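> Have a look; sequence and predicted model below, questions after that.
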Amino acid sequence: MELLWCWIFTGSLMFVDIIWTLPISEEQWLRPEDVQLAEGYLRRFYQLRTSSSSRHQSRNRRDTSAMVDKIKEMQGFFGLEQTGTLDPQTLAVMRRDRCGVPDVENFSVYPKRTKWRNKTITYRIEKYTPDLTREEVDRSFHLALKLWSDAAPLNFVKVNNGKANIVLTFASRTHGDFFPFDGPKGVLAHAFEPGQGMGGDVHFDEDETWTTGQEKPGYNLFTVAAHELGHSLGLSHSKNPSALMYPNYKYYDSAKYTLPRDDVMGIQALYGKPIRKQETVTIPRKCDPNFSVDAVAVIGNEIVFFKDRYMWIRTTWSTYWNQLREGFSSTYLPGINSAINAAYDIPAKGVAYIFTGPKYWVVQQLKMKSHFGSIYEYGFPSTVKHIDAAVHVSGYRKTFFFVGQVYYRYDENKRKMDPGFPRSFPLDLLSIVRKIDAAFELEGHIYLFSGTKAYLYDYRQDRVLKRIPANAWLGC
């Protein structure tokens, strides 16, 4: 070991602070701030304990040995060479933005298996951040919780007041839990394991800048919340860099992110696998007088009609009904196992968007695996749980979404909702229908489906030109 002598003057008194430094290379001399960083990091995340906390008392060899051991433990956790020295790689990891929960001796899945007894868990947002709108915060937390409920039999219920299992809040510096935040960067948030009182709660550092994407500088709230809520459910940190429960911050896009296997296995070890209801899917009778469709879209050169979890396909150019193909949706759209609520296509891009509840799927061609996103990326309020129908009007480069008796208009170029929406249906349309089930555009014409009927609608003149049975396209 090497001795580093620091002479500290206080008034007329002089103290000698003997710091037992760590083994270092001949080329490298540690700065005092590096040692302070390391000690603080190891105390907070690796339970480093020294015999004295006073800077005016000498530290003994036992302290130095403990620090070397803790550095090795930290290096082992992050997959670094376990030298016990504060090399540049180790210090670089210590400087990264991260979760405030310790990496060791805390949140252990085994053997205590700390978890919630009930699988219906309530949550409440105590304080919002001014960086985002309330809807953006609500949506971020909703999507973060859904990651976990998709992987385990958990049901999260939001309450607006009173007691809740998990309380989420934004705070800065000292905020009443004995774990003060450190200002901008560094520790971004922390959470508590399931339990009474503060158990399960999540605190976000208000000194950070919170975002919903990656366009602006700051930290993505969905990413941080999803990680912290893993702690709220009883998970510890993972050593796997690709896992959500890895302690260091990494941006994840809520539209494309799925829970990695490491995290799935962890949450299922606590709560089990999600319960999948066994449903009997019957094939709809397309020529039934009461037949209606759920969604329609043009995918490639084919018009696709959806009903429940079944679909019919006919080419846009064929007039022969024997060219009609049909089958279960999952056969033609791998990965989409839910009933389809709405769909629309953009011919100029050669893609179609399929909506199932709060998700949408991007489809380029049938039988090709597609990726998904969230409907809230479009700018829908959190009160919208699913889309009834959608249609893209190529002449305007706008997409119309129908929800109940109102509609939204989305600008595909600007990628945001037009101001002044939602609006009620136009009067001529409202006099005929109360709800739109499906819609699609073909050769400049808009077809709107409502119940057992389909309507040829001229959106320029706001006039219904013709009415036909909803199953007329299917050869009935």
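Sure thing, it's come through. Numbers count the residues shown, from 1 in each chain.
> All the helices of this protein, residue numbers only.
32-46, 61-77, 88-94, 134-151, 221-232, 261-271, 329-332, 427-430 (DSSP state H).
> Those helices: which one's closest to residue 104?
For the helices of the chain, proximity to residue 104 was assessed by CB to CB; helix 32-46 is nearest, at 5.5 Å. For glycine as for every other residue, the C-beta is placed from the backbone atoms N, C-alpha and C.
> Quick check: buried residues in the closest one?
34-35, 37-39, 41-46 (16 or more other CB atoms under 10 Å).
> Specify which member of those residues is nearest to residue 445.
residue 45 (62.9 Å).
> and the closest one, what is it in contact with?
74, 102-104, 247 (CB atoms under 8 Å, 6 or more residues apart in numbering).
> now with 6 Å?
102-103 (CB atoms under 6 Å, 6 or more residues apart in numbering).
> Distance check, it against residue 404.
Applying CB to CB, to the nearest Å, the value for residue 45 to residue 404 is 50 Å.
> try residue 118
In terms of CB to CB, residue 118 sits 33 Å off from residue 404.
> Check residue 42 too.
56 Å.
> Then residue 237?
44 Å.
> Quick check on those two: which one has the bigger neighbour count.
residue 237 (23 against 13; other CB atoms under 10 Å).
> So for the more buried one, what's the pLDDT?
With respect to pLDDT, residue 237 scores 92.
> what residues are up against it?
103, 245, 247.
> CSV for the helices of the chain, including distance to residue 454 and mean pLDDT?
Output for these, formatted as CSV (distance: least, CB to CB, whole Å; pLDDT from 0 to 100):
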stretch, distance to residue 454, mean pLDDT
helix 32-46, 62, 85
helix 61-77, 61, 81
helix 88-94, 61, 90
helix 134-151, 34, 93
helix 221-232, 39, 96
helix 261-271, 43, 94
helix 329-332, 20, 86
helix 427-430, 13, 66
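> what residues go with each domain of the chain?
What automatic domain parsing lists as the domains of the chain is 3-95, 120-271, 295-474.
> now those as a markdown table including distance to residue 284?
A markdown table is the format used below for these (distance: least, CB to CB, whole Å):
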| stretch | distance to residue 284 |
| --- | --- |
| domain 3-95 | 54 |
| domain 120-271 | 27 |
| domain 295-474 | 5 |
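> Identify whichever of those domains lies nearest to residue 287.
It's domain 295-474; of those, that one is closest to residue 287 (CB to CB) at 6.1 Å.
> Kindly check the end-to-end length of stretch 343-362 for me.
In terms of CA to CA, to the nearest Å, the two terminal residues of stretch 343-362 are separated by 10 Å.
> Now do the buried residues in that stretch.
Quick answer for stretch 343-362 (16+ other CB under 10 Å): 343-346, 351-356, 358-361.
> if I look at the residue nearest to residue 286 when sequence neighbours are not counted, how far off is residue 304?
Excluding its sequence neighbours, the residue lying closest to residue 286 (CB to CB, 6 or more residues apart in numbering) is residue 474, at 4.6 Å. Distance, residue 474 to residue 304, by CB to CB: 11 Å.
> Between the two, which has more neighbouring residues?
Using other CB under 10 Å as the criterion, residue 474 and residue 304 rank with residue 304 on top: 26 against 19.
> And that one, how far from residue 336?
Taking CB to CB, one finds residue 304 at 12 Å from residue 336.
> do the same with residue 381
25 Å.
> ok, now residue 157?
As judged by CB to CB, residue 157 and residue 336 stand 27 Å apart.
> Compare those two (neighbour count), which wins?
Here residue 157 and residue 336 are set side by side on neighbour count (other CB under 10 Å), and the busier one is residue 336, at 19 against 12.
> Identify the residues contacting the more buried one.
Contacts of residue 336 (CB under 6 Å, 6+ apart): residue 361.
> Which phi and psi values does it adopt?
Note on residue 336: backbone dihedrals following degrees, to the nearest 10 are phi -100, psi 100.
> going forward, begin numbering at 21 instead of 1
With 21 as the first residue, the last one maps to residue 356.
> returning to what we had before: which one among the contacts of residue 257 gets closest to residue 465?
Using CB to CB, the contacts of residue 257 come closest to residue 465 at residue 265, 51.7 Å.
> ok, that closest one touching residue 254?
No: with contacts counted by CB atoms under 6 Å, residue 265 stays clear of residue 254, the gap being 11.0 Å.
> residue ranges with poor pLDDT in the protein?
The model of the chain has pLDDT under 70 over residues 21-49, 70-83, 125-133, 297-301, 336-342, 389-391, 447-451.
> Give me the neighbour count for the closest residue to residue 302 other than its chain neighbours.
Take residue 302 and drop its neighbours on the chain: the residue closest to it by CB to CB, 6+ apart is residue 328, 7.8 Å away. Around residue 328 there are 15 other residues, counting by other CB under 10 Å.
> same thing with residue 215?
By other CB under 10 Å, neighbour count at residue 215 equals 14.
> what do you get for residue 205?
Residue 205: 15 neighbours (other CB under 10 Å).
> any idea how far residue 288 is from it?
34 Å.
> same thing with residue 414?
In terms of CB to CB, residue 414 sits 46 Å off from residue 288.
> before we move on, back to that, do I have it right that the residue nearest to residue 302 meets residue 359?
Yes: counting by CB under 6 Å, residue 328 touches residue 359, with 5.4 Å between them.
> Only alpha carbons, please: show stretch 420-439 as PDB.
Only the C-alpha atoms of stretch 420-439 are listed here, as PDB (Å, rounded to 0.1, in the frame of the first residue of the first chain):
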ATOM      1  CA  PHE A 420     -59.000   9.900 -39.400                       C
ATOM      2  CA  PHE A 421     -59.500   7.900 -36.200                       C
ATOM      3  CA  PHE A 422     -63.100   7.100 -35.000                       C
ATOM      4  CA  VAL A 423     -63.700   6.700 -31.300                       C
ATOM      5  CA  GLY A 424     -67.300   6.500 -30.200                       C
ATOM      6  CA  GLN A 425     -69.200   9.400 -31.700                       C
ATOM      7  CA  VAL A 426     -66.100  11.600 -32.300                       C
ATOM      8  CA  TYR A 427     -63.200  11.500 -34.600                       C
ATOM      9  CA  TYR A 428     -59.500  12.600 -34.500                       C
ATOM     10  CA  ARG A 429     -57.400  13.800 -37.400                       C
ATOM     11  CA  TYR A 430     -53.700  12.900 -37.500                       C
ATOM     12  CA  ASP A 431     -51.100  14.600 -39.700                       C
ATOM     13  CA  GLU A 432     -48.800  11.800 -40.900                       C
ATOM     14  CA  ASN A 433     -46.100  14.200 -42.100                       C
ATOM     15  CA  LYS A 434     -45.900  16.200 -38.800                       C
ATOM     16  CA  ARG A 435     -46.600  13.000 -36.800                       C
ATOM     17  CA  LYS A 436     -49.100  14.700 -34.500                       C
ATOM     18  CA  MET A 437     -52.800  15.300 -34.000                       C
ATOM     19  CA  ASP A 438     -54.300  18.300 -35.700                       C
ATOM     20  CA  PRO A 439     -55.400  21.000 -33.300                       C
END
